[in-house]
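Undergrad: Please find the sequence and the predicted model below.
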Amino acid sequence: MTTTAVVISLVLVAVALAQLPLVHIFGRALRRSDIWQGRAVGSQPELPHAAMILCLRGPDPFLADTLRAAAAQEYPHYRLFVIIDHPDDPAWNTVAETLGDPGPEHVTLVALENRRETCSLKCSSLVQVIENLDSSYEIVALLDADTVPHRSWLAELAGPLADPAVGATTGNRWYAPRQPSWGALVRYLWNAAAVVQMYCYGIPWGGTLAVKLSELRQTDLLDRWAHGFCEDTMLFAELKQRGQRIAFVPSLIMLNRESCHVSGFFNWVRRQLLTARLYHPGWPAVVLHGLLTTLVLFAGLLGFAASVFWGT
């Protein structure tokens, strides 16, 4: 074994060992029995009245599946609010073709009217819907257009909110693209590590997220959203100040079949790191962890190539 190979091996072992504490914490959470209680409460009548919000812009390739699944939740009291970026957006046609015109009674379709210049379009849409909710609603559940929820998705999100110490619940995404590509492979590997980091650092995911409406209205969260880039990452610090925590529901790790190119992956990663930098107190650890694992693996590949080329 050459000197270069020994160095590469030692570096990769060190990287693997550095991951063990986080992986152990995440694995212990997966083994806990009480985190699966969301499924058990699906048919209970005391589940809180829920507003389910889907913000749309453009015809996402999974949108029809998402709409059908979101409108068919096994949940006693909920309303699905679909808010679209613009009346001319092609998503309108997808919604009409999928749910019918008019759609189900428990589905409300609206257009974004107040396009705030102080925040993202998604945050504008969320604030518009939530500001118009009446007092009968107790929780707000968010999902993305590429999230295809199973029938007990909403019940699993709502279940842990019965705990007074829980202000929000969340799942996460797991990429398994149907069409392989280099971009999809890199994002898959990155996301596999990110799922563990997000749990350990308390970072929620807006694609599967529920928040108590009281927390939104008794804090400045809505105002923060009205001046924010994203809605999810800031929740950790805001809820922590009120002694509330975010409950992670492992059964809500949602499969995502979307593929992407390398350029699309880098754009995606920049957004992830930007939201951590803007809104999470542990952003240095998040960024450092991501950069170190990426650079060390890349350096290992270069070292391996050099070893083969020069035979040292």
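TA: Thanks, I have the structure now. Residues are numbered from 1 along each chain as shown.
Undergrad: rest of the way, CA atoms for contacts and neighbours
TA: Fine.
Undergrad: all strands of the stretch 51-200 of the chain, in order?
TA: For the stretch 51-200 of the chain, the strands defined by DSSP state E, counting those that start in this stretch occupy 78-84, 107-111, 139-143, 166-175.
Undergrad: In a markdown table, list those along with mean pLDDT and distance to residue 286.
TA: Below are the strands of the stretch 51-200 of the chain laid out as a markdown table (pLDDT from 0 to 100; distance: least, Cα to Cα, whole Å):
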| stretch | mean pLDDT | distance to residue 286 |
| --- | --- | --- |
| strand 78-84 | 97 | 32 |
| strand 107-111 | 95 | 36 |
| strand 139-143 | 97 | 24 |
| strand 166-175 | 93 | 16 |
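Undergrad: and the ones you listed as CSV, adding distance to residue 197 and mean neighbour count?
TA: Putting these into CSV (distance: least, Cα to Cα, whole Å; neighbours: other Cα atoms under 10 Å) gives the following:
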stretch, distance to residue 197, mean neighbour count
strand 78-84, 31, 22
strand 107-111, 35, 16
strand 139-143, 21, 24
strand 166-175, 11, 23
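Undergrad: What segments of this protein are helices?
TA: Along the chain, counting by DSSP state H, helices occupy 3-31, 37-40, 63-70, 91-99, 121-131, 153-158, 182-201, 213-218, 221-225, 235-241, 262-279, 283-310.
Undergrad: rewinding a little: let me have the strands of the stretch 51-200 of the chain in a markdown table, extended by distance to residue 133.
TA: Rendered in a markdown table, the data for the strands of the stretch 51-200 of the chain read as follows (distance: least, Cα to Cα, whole Å):
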| stretch | distance to residue 133 |
| --- | --- |
| strand 78-84 | 10 |
| strand 107-111 | 12 |
| strand 139-143 | 10 |
| strand 166-175 | 18 |
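Undergrad: how close does residue 276 sit to residue 94?
TA: To residue 94, residue 276 is 33 Å away according to Cα to Cα, to the nearest Å.
Undergrad: Of these two, give the one with the bigger neighbour count.
TA: residue 276 (20 against 17; other Cα atoms under 10 Å).
Undergrad: Tell me who's in contact with the more buried one.
TA: 233, 282-283, 286-287 (Cα atoms under 8 Å, 6 or more residues apart in numbering).
Undergrad: so how far is residue 206 from it?
TA: With Cα to Cα as the criterion, residue 276 and residue 206 are 13 Å apart.
Undergrad: got any ranges where the stretch 101-250 of the chain has weak pLDDT?
TA: Along the stretch 101-250 of the chain, no part satisfies pLDDT under 70.
Undergrad: just to revisit the earlier point, out of the contacts of residue 276, give me the one that has the most neighbours.
TA: residue 233 (23 neighbours).
Undergrad: Might one say that that residue is in contact with residue 279?
TA: Yes - counting by Cα atoms under 8 Å, residue 279 is a contact partner of residue 233 at 5.9 Å.
Undergrad: what sits against the residue most central in space within the chain?
TA: In the chain, the centroid-proximal residue (Cα atoms, centre = their mean) is residue 205; its distance is 2.5 Å. Residues in contact with residue 205 (Cα under 8 Å, 6+ apart) are 170-172, 232-233.
Undergrad: JSON lines for those, including distance to residue 129?
TA: As requested, the contacts of residue 205 are arranged in JSON lines below (distance: Cα to Cα, whole Å):
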{"residue": "170", "distance to residue 129": "20"}
{"residue": "171", "distance to residue 129": "22"}
{"residue": "172", "distance to residue 129": "23"}
{"residue": "232", "distance to residue 129": "16"}
{"residue": "233", "distance to residue 129": "20"}
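Undergrad: sorry, back to before: for residue 244, find the nearest of the strands of the stretch 51-200 of the chain.
TA: strand 166-175 (5.3 Å; Cα to Cα).
Undergrad: Tell me which other helices or strands that closest one touches.
TA: helix 153-158, helix 182-201, strand 208-212, strand 245-256 (3 or more Cα pairs under 8 Å, 6 or more residues apart in numbering; DSSP states H and E).
Undergrad: Just the angle for the second one relative to strand 245-256, thanks.
TA: Following axes from the mean of the first three to the mean of the last three Cα atoms, to 10 degrees, one obtains 160 degrees for the angle between helix 182-201 and strand 245-256.
Undergrad: And residue 96, how close does it get to residue 118?
TA: For residue 96, the distance to residue 118 - Cα to Cα - is 31 Å.
Undergrad: Report how many residues lie close to the nearest residue to residue 62 once chain neighbours are set aside.
TA: Distance criterion Cα to Cα, 6 or more residues apart in numbering; nearest residue to residue 62, sequence neighbours excluded, is residue 146 at 5.4 Å. Counted with other Cα under 10 Å, the neighbours of residue 146 add up to 21.
Undergrad: Equivalent analysis for residue 177, please.
TA: 17.
Undergrad: The closest residue to it other than its chain neighbours and residue 56, how far apart?
TA: Excluding the flanking residues, the one nearest residue 177 by Cα to Cα, 6+ apart is residue 257, at 4.1 Å. Distance, residue 257 to residue 56, using Cα to Cα: 18 Å.
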